[in-house]
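S.K.: For reference, the sequence and a predicted model appear below.
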Amino acid sequence: MSRTSADQSLARLDRAFYRRDAARVARELLGQRLVHIRDGVRVAGTIVETEAYLGTNDKAAHSYNGRRTARTETMYADGGTVYVFLNYGIHHLFNVVVAHQEEPQAVLIRALEPTEGLAAIRARRPRARQARDLCSGPGKLGAALAIDLSHDGADLVTSASLFIERARQRPLPKRQIIVGPRIGVDYAGEWAAEPLRFHIAGNIHVSGRS
DNA sequence: CCTCTGATCTTCT
DNA sequence: GAAGATCAGAGGG
């Protein structure tokens, strides 16, 4: 299958998509395609699980209480910027900065259904026994796509190697989206109006038990 | 099926 | 010194 660069930029999500609130972007990223090209190898997967992190009032967000450090600086960038941080000193977690500059909101991509570059993904995830183990969690996804701190600050709208393609024109219908509490942040409490984790119903690549 | 734990870096106390 | 937006392996039922 051939594909021109013009086709790719047509399919890519644009700045306006990212310049909206985190819960909405998190919901609408479901079903879209995250792509990373490295050494000429294109690896991609359908986004099946996301979480929204909301600015300075969200105790679970790195930007809580206006916190601004070398690590979290990227959260204050414009919508469409990539925010990568090292979790537990081991895992690279991939986030999309959303909303506008100086308005720290982000969407954590928690799971993908791999669709392209399966050989490369398998090589980067040697301990995965089954297909559902490849990208079913934020740390696994980071390893599978070879995401590291060098990608922090990249621009999904203009980067030649890291971007999100519009795999579907319309958001998924509501009945195919499960909404629930975020994972691993119980300390933050249920403070928002609605839960902030979103995943595609019935998809085996979603993290945790189904 | 489940619970426990080590790995290893940033940030805050 | 401790905890964290995690994962994988070990051990028990």
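M.R.: Everything's here; your move. Remember, it's a predicted structure, so these values are computed and weren't measured experimentally.
S.K.: name the helices or strands packed onto the lengthiest strand in chain A?
M.R.: Counting by DSSP state E, the longest strand found in chain A is strand A:41-54. Contact partners of strand A:41-54 among helices and strands, from 3 or more CB pairs under 8 Å, 6 or more residues apart in numbering; DSSP states H and E: helix A:22-29, strand A:33-38, strand A:105-116, helix A:118-124, helix A:138-144, strand A:197-200. No exception for glycine: its C-beta is placed from N, CA and C like everyone else's.
S.K.: And those: which comes nearest A:Arg71?
M.R.: strand A:105-116 (12.7 Å; CB to CB).
S.K.: Same question for that closest one: list its buried residues.
M.R.: Within strand A:105-116, the residues scored as buried using 16 or more other CB atoms under 10 Å are A:105-114.
S.K.: now stretch A:57-64, how far from the centre of its chain.
M.R.: 17 Å (CA atoms, centre = their mean, to the nearest Å).
S.K.: export it as PDB, just CAs?
M.R.: As requested, the backbone C-alpha atoms of stretch A:57-64 are provided in PDB (Å, rounded to 0.1, in the frame of the first residue of the first chain):
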ATOM      1  CA  ASN A  57      -7.000  21.800  40.600                       C
ATOM      2  CA  ASP A  58      -6.500  18.100  39.800                       C
ATOM      3  CA  LYS A  59      -4.500  16.500  42.600                       C
ATOM      4  CA  ALA A  60      -3.400  13.700  40.300                       C
ATOM      5  CA  ALA A  61      -2.000  16.000  37.700                       C
ATOM      6  CA  HIS A  62       1.700  17.000  37.700                       C
ATOM      7  CA  SER A  63       0.500  20.600  37.300                       C
ATOM      8  CA  TYR A  64      -1.500  20.500  40.600                       C
END
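S.K.: Next, the buried residues of that stretch.
M.R.: Buried-residue list, stretch A:57-64, by 16+ other CB under 10 Å: A:58, A:60-64.
S.K.: If we go by neighbour counts, what in the helix or strand just after the longest strand of chain A is buried?
M.R.: Moving toward the C-terminus from strand A:41-54, the next helix or strand (DSSP states H and E) is strand A:82-87. For strand A:82-87, the neighbour count (16+ other CB under 10 Å) marks A:82-85 as buried.
S.K.: Kindly state the beta-bridge partners for the closest residue in space to A:Leu108 that isn't next to it in sequence.
M.R.: Using CB to CB, 6 or more residues apart in numbering and skipping residues adjacent in sequence, the residue nearest A:Leu108 is A:Glu51, 4.5 Å away. Beta-bridge partners for A:Glu51, by DSSP bridges, are A:Leu108, A:Arg197.
S.K.: I'd like to know how far A:Glu51 sits from A:Val43.
M.R.: Between A:Glu51 and A:Val43 the distance is 22 Å, computed by CB to CB, to the nearest Å.
S.K.: ok, back up a step: how far does the longest strand of chain A sit from the chain's center?
M.R.: Worked out by CA atoms, centre = their mean, strand A:41-54 lies 4 Å from the chain centre.
S.K.: No more questions from me, cheers.
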